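Trainee: Test case, fold it:
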Amino acid sequence: MRHRIVDLSPGDASLPPERGVDLILLFADRRSGPQVAEARLRERFPGAVIVGASTAGEISGARVGEGGIVVAALSLERGKVRRAEVALDLGDEVAGFTLARELAAPGLRGVLVLCDGEKVNGSALVRGLERGLGPGVVMGGGLAGDGDRFGETWTLDADGVPRRGRVTAVGFYGERMDVRVGTQGGWNEFGPERRITRAERNTLYELDGRPALELYKRYLGERAAGLPAAAMHFPLQVRADEGSLPVVRTILQLDEATQSLTFAGEVPEGGLAKLMRANPERLIDGAAGAAPSLSADQPAFATLISCVGRRLALGARTEEEVEAVLANLPSGSTQVGFYSYGEIGPSGIACGDRSALHNQSMTVFTLQER
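Mentor: Purely as a prediction, here's the structure:
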């Protein structure tokens, strides 16, 4: 397996076509002209599958950029890739199931998912994907971003055109393919765990029978004056019941009229919730722990998807979390990725755990060939 970050400087237009590249990943700011880059890549790497998404920041090696384009190329020796795409207007869970069935085939080892970040119920999408893929297939990915603007997001369609309202996935096939995914957060919990007494899909109305926004503001104290922007620093941890694994949920909207909180993923009525807050050291340690345990005798190709909320919380220390992941990968590994509006990865620590939609987490999707 060969992999590298691709230079898109003006001089690359004179390079001869390069065959044998199986997959091109393109992560770009929404306003950076990705169609031009995609056209150049199609000429330079004829026959390669090209997929991409808009970002809230681009990851290239140990660096984090903003407003640009990051491209990586992957060539497989013993495996193959296949691309599939569906529209979300089928319904999120149906779209996930349909996409999974398009990719399902003998030898499927893992799936990388890229989805519009504004027009999707990510929890329902993951349920459909899980149902369609069945056991034994590793899944990871994320929801496209649009910086801290939370406006339009896109994925590249089969013709390389940025499109809203779609989900794209790449399947990796072959007996020698080793696909692994890890997800961790690193947020500090504070305050008591409370019962979710009223919620609908991704909107939380009541905790312990009291208005959710009222309680949220009370725990934030004087920091509540910084809402809604401050909400990125204080997500919620939720779980379906006492025996379930928790996931983190990002607060997207506050509604004073209904005293409700709207999140980037579903909140289970009858479940449990606890407030969380940022601690830079723990966030960086959490990112390091997201790197799956890999064979150290060969480099890996890693795709990182981290939450825009982590980037806002870490600020000038953002690059430390991607440096921490790279330090935990085998020597010579290639690492690219993006900051997202939601992350798809295991619901627990083990790579084989069922997948879930996460927020405020780091997901690391790795490939090696044995």
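Trainee: isn't there a helix covering residue 283?
Mentor: Yes. Assignment of residue 283 by DSSP: H, G, I helix; E, B strand; the rest coil places it within a helix.
Trainee: from memory it sits against residue 188, does it?
Mentor: No. Counting by CB atoms under 8 Å, residue 283 stays clear of residue 188, with 9.4 Å between them. C-beta: built from backbone N, CA, C; applies to glycine.
Trainee: Do I have it right that residue 207 meets residue 197?
Mentor: Yes. If you go by CB under 8 Å, residue 207 and residue 197 touch, sitting 6.6 Å apart.
Trainee: Give me the more crowded residue out of the two.
Mentor: Neighbour count, other CB atoms under 10 Å: between residue 207 and residue 197, residue 207 has more, with 26 against 16.
Trainee: and the closest residue to the more buried one other than its chain neighbours, what does it touch?
Mentor: Nearest residue to residue 207 in three dimensions, chain neighbours excluded: residue 194, at 4.2 Å (CB to CB, 6 or more residues apart in numbering). The neighbours of residue 194, taking CB atoms under 8 Å, 6 or more residues apart in numbering as the test, are 207-208, 215, 272-274.
Trainee: so where's this protein shaky on pLDDT?
Mentor: Applying pLDDT under 70 to the chain flags the ranges 10-14, 348-353.
Trainee: Please compute how far the lengthiest strand in it lies from its chain's middle.
Mentor: Using DSSP state E, we find that the single longest strand of the chain is strand 188-200. Put simply, strand 188-200 sits 24 Å off its chain's centre (CA atoms, centre = their mean, to the nearest Å).
Trainee: Okay, buried residues for that strand please.
Mentor: Neighbour-count burial for strand 188-200, counted by 16 or more other CB atoms under 10 Å, picks out 193-194, 196-199.
Trainee: Would you mind listing the two of the residues you listed that lie farthest apart?
Mentor: Pairwise distances among the buried residues of strand 188-200 were taken by CB to CB; the largest, 16.6 Å, belongs to 193 and 198.
Trainee: The closest residue to residue 191 other than its chain neighbours pairs with what?
Mentor: Counting by CB to CB, 6+ apart, residue 191 lies nearest to residue 275, which is 4.8 Å off, once chain neighbours are set aside. In this structure, residue 275 bridges to residue 190, residue 236 when assessed by DSSP bridges.
Trainee: got the contact list for residue 275?
Mentor: Counting by CB under 8 Å, 6+ apart, residue 275 touches 189-191, 216, 219, 234, 236-237.
Trainee: Return the member of the residues you listed nearest to residue 161.
Mentor: Checking the contacts of residue 275 against residue 161 with CB to CB, the nearest one is residue 236 at 36.4 Å.
Trainee: got a list of what that closest one touches?
Mentor: Counting by CB under 8 Å, 6+ apart, residue 236 has contacts 204, 248-249, 251, 261, 263, 267, 273-276.
Trainee: Now rank those residues by neighbours and give me the top one.
Mentor: Of the contacts of residue 236, with other CB under 10 Å as the count, residue 204 tops at 29 neighbours.
Trainee: Helix or strand: which one has it?
Mentor: Assessed by DSSP states H and E, residue 204 sits inside strand 203-207.
Trainee: For that strand, name the packing helices and strands.
Mentor: strand 188-200, helix 212-220, strand 260-263 (3 or more CB pairs under 8 Å, 6 or more residues apart in numbering; DSSP states H and E).
Trainee: do you know which of those lies nearest residue 38?
Mentor: Evaluated over the helices and strands packed on strand 203-207, closeness to residue 38 peaks at strand 260-263, with 32.7 Å, by CB to CB.
Trainee: If we only consider the buried residues of strand 188-200, which is nearest to residue 335?
Mentor: Among the buried residues of strand 188-200, residue 193 lies closest to residue 335 (CB to CB), at 35.6 Å.
Trainee: quick one: the closest one from residue 42, how far?
Mentor: 51 Å (CB to CB, to the nearest Å).
Trainee: ok, now residue 229?
Mentor: Distance from residue 229 to residue 42, by CB to CB: 39 Å.
Trainee: and residue 289, helix, strand or coil?
Mentor: Residue 289 ends up helix, using three-state DSSP.
Trainee: need the contact list for it.
Mentor: Residue 289 sits in contact with 182, 184, 186, where contact means CB under 8 Å, 6+ apart.
Trainee: Go again with 6 Å.
Mentor: Listed by CB atoms under 6 Å, 6 or more residues apart in numbering, the contact partners of residue 289 are residue 184.
Trainee: And the helices in the stretch 201-350 of the chain?
Mentor: Along the stretch 201-350 of the chain, counting by DSSP state H, counting those that start in this stretch, helices occupy 212-220, 280-290, 308-314, 318-327.
Trainee: Nearest to residue 152, out of those helices?
Mentor: So among those, helix 308-314 is nearest, using CB to CB, at 14.6 Å.
Trainee: what residues does that closest one touch?
Mentor: With contacts defined as CB under 6 Å, 6+ apart, helix 308-314 is touched by 56-57, 145, 232-233, 250, 278, 280, 283, 318, 339, 360.
Trainee: most centrally placed residue in this structure?
Mentor: Residue closest to the average C-alpha location in the chain (CA atoms, centre = their mean): residue 142, at 2.5 Å.
Trainee: Okay, that one and residue 81: tell me how far apart.
Mentor: Residue 142 is 18 Å from residue 81, by CB to CB.
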